[in-house]
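A.B. asks: Next comes the sequence, and after it the predicted model I'd like to discuss.
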Amino acid sequence: MSEDRTFHNEDENDENDLDDLISQIALQGLQNLGEDTLMSDEKSEIGTVSKGNIVLPKSLKEEVIERARILLEAEVQKHYPKPAPAIALAIEPRRTAIVVIDLQKGIAGMPGGAPYPKSTVIANAARLLTAARAAGAQPVLVHVGGTLDGADRIHTPVDQPMRSFGQLPPDWSEFIPELNQQPSDLVVLKRQWGAFYGTDLDLQLRRRNLSTIILCGIATEFGVESTARDAYERGYALIFAEDAMTGQTAESHTNSTTRIFPRLGRVRSTEEILAALNS
C-alpha cells in the first residue's frame, strides 16, 4: 500500500516481544492483500484500518495471524499453483527406447556427481537396461567422442568453457562394463551434449516405431537435458529416471528435474519405471 502505517500494541511494555512482531507482520500482510479482504466485523475488532495508528488487541493475535496465513497461502497458490498429482506411469515396451547418456569410461571415471554418486547412477541405469531388455524395449547407448585433434567438436567463444581433458586415452569413449552391452543395442556416437544433432538417433527410433524415450545418464544438466529438449521438440514422450542421472552440482540437477523436465515429460524414480516395465 502507498501510505505507511504504524503499529501499536495495547501493552507498550511488550512492543519488542516476538509475538507482537509476528502479529504486526500478520496484520500488515492482510493489508497488503487489500483492505477489501477484511470482513467488516474484523475491521471493527482490529481497529482503525483506514488511516492513522492501528491497535491490535492481544486477544485477536492468533485469529489475525491465522487469517493472514490463509489469505497469503491463497495468494501464493493463485500465482504459483501446486503441480498436478503424478500421472500413473504406463509403458508400452515395444514402443519404448531407453536412452543412456554418456556412461562411458572417460566420464564415469571422473570424480564428482551430485546429488547422486556416479556409482548409484550406474547401478540404476544397469537395472533399467536389464528390465528394458527383458520387457522388449530398445536400449540405446550414447557416448561422446571424436577425432584425436578435436576438430569435429564445437569451438565457440563462451564465458565458461568446458574443462579440457587434453589427449584422451584410447578407451575414454568405451562404454562401462556395467551396461552389459548387447548386439541388439543401438549405439550412438555424438560430438556435443545432445544425442540427436548430427546423429541418426531420430532415424533409428522412427524406423523401429519407437515413440517413448526413457532417459538416464550423465550429466543431468548437459547431455541429458540437451537430448531431452531435442526429443521433446521431435514429439517423443519422455520419462526421466531421476535417480539414474546426476549433475555437476545438486542445484543444477534439481533445476533440471524440477523446473525443466516436468515440462518436457514425466519425472519418476528408477523403482517406478521398473514397476511399469514389469507390469
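C.D. replies: Yep, it's here. No experiment lies behind these values; they were computed from the predicted model shown. Residues are numbered from 1 along each chain as shown.

A.B. asks: Quote the end-to-end distance of stretch 107-116.
C.D. replies: 15 Å (CA to CA, to the nearest Å).

A.B. asks: So which bits of that stretch are buried?
C.D. replies: 107-108, 113-116 (16 or more other CB atoms under 10 Å). From N, CA and C alone the C-beta is placed, and that goes for glycine too.

A.B. asks: any idea which of those residues is the one closest to Ala90?
C.D. replies: Tyr116 (25.8 Å; CB to CB).

A.B. asks: list the buried ones in the top strand by length along the chain?
C.D. replies: What stands out as the longest strand in the chain, according to DSSP state E, is strand 237-246. The neighbour-count check on strand 237-246 (16+ other CB under 10 Å) flags 237-246 as buried.

A.B. asks: Mind exporting the C-alpha coordinates of it to PDB?
C.D. replies: Taking C-alpha atoms only, strand 237-246 is exported to PDB below (Å, rounded to 0.1, in the frame of the first residue of the first chain):
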ATOM      1  CA  ALA A 237       7.100 -38.900 -25.000                       C
ATOM      2  CA  LEU A 238       9.700 -38.600 -22.300                       C
ATOM      3  CA  ILE A 239      10.200 -40.400 -19.000                       C
ATOM      4  CA  PHE A 240      13.100 -39.300 -16.800                       C
ATOM      5  CA  ALA A 241      14.800 -41.700 -14.400                       C
ATOM      6  CA  GLU A 242      15.600 -39.000 -11.800                       C
ATOM      7  CA  ASP A 243      17.900 -41.200  -9.600                       C
ATOM      8  CA  ALA A 244      19.600 -42.700 -12.600                       C
ATOM      9  CA  MET A 245      21.200 -39.400 -13.600                       C
ATOM     10  CA  THR A 246      23.300 -36.900 -11.700                       C
END
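
A.B. asks: who does it pair up with?
C.D. replies: If you go by DSSP bridges, strand 237-246 pairs up with strand 212-218 (parallel), strand 266-268 (parallel).

A.B. asks: just the ones you listed: most buried one?
C.D. replies: strand 212-218 (a mean of 27; mean count of other CB atoms under 10 Å).

A.B. asks: Let me see the ranges of the helices in this structure.
C.D. replies: 18-32, 40-46, 61-79, 105-108, 118-135, 201-207, 225-233, 250-255, 261-264, 270-278 (DSSP state H).

A.B. asks: Below-threshold pLDDT in this structure: ranges please.
C.D. replies: 1-62, 64, 68-69, 73-86, 147-151, 154, 162-166 (pLDDT under 70).

A.B. asks: list the contacts for the nearest residue to Gly217 once chain neighbours are set aside?
C.D. replies: Spatial nearest neighbour of Gly217, chain neighbours left out: Ile101 (2.9 Å); criterion: CB to CB, 6 or more residues apart in numbering. Contact analysis of Ile101 by CB atoms under 8 Å, 6 or more residues apart in numbering lists 142, 195, 215-218, 223-224, 227, 245.

A.B. asks: about what we covered before: how far off helix 118-135 does the longest strand of the chain point, in degrees?
C.D. replies: Angle of strand 237-246 versus helix 118-135, following axes from the mean of the first three to the mean of the last three CA atoms, to 10 degrees, is 140 degrees.

A.B. asks: Go ahead and confirm Ala219 touches Thr227.
C.D. replies: No - at 11.3 Å, Ala219 does not count as touching Thr227 under the criterion of CB atoms under 8 Å.

A.B. asks: picking up where we left off before, can you redo the buried residues of strand 237-246 as CSV with distance to Arg268?
C.D. replies: As requested, these are exported to CSV (distance: CB to CB, whole Å):
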residue, distance to Arg268
Ala237, 13
Leu238, 11
Ile239, 6
Phe240, 7
Ala241, 7
Glu242, 7
Asp243, 9
Ala244, 10
Met245, 12
Thr246, 16
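
A.B. asks: picking up where we left off before, contacts for the longest strand of the chain?
C.D. replies: 89, 91, 101, 113-118, 120-121, 124-125, 128, 211-220, 224, 228, 231-232, 253, 257, 261, 264-270, 273.

A.B. asks: rerun at 7 Å
C.D. replies: For strand 237-246, contacts defined as CB atoms under 7 Å, 6 or more residues apart in numbering pick out 113-116, 118, 120-121, 124-125, 128, 211-220, 224, 228, 231-232, 253, 257, 261, 264-270, 273.
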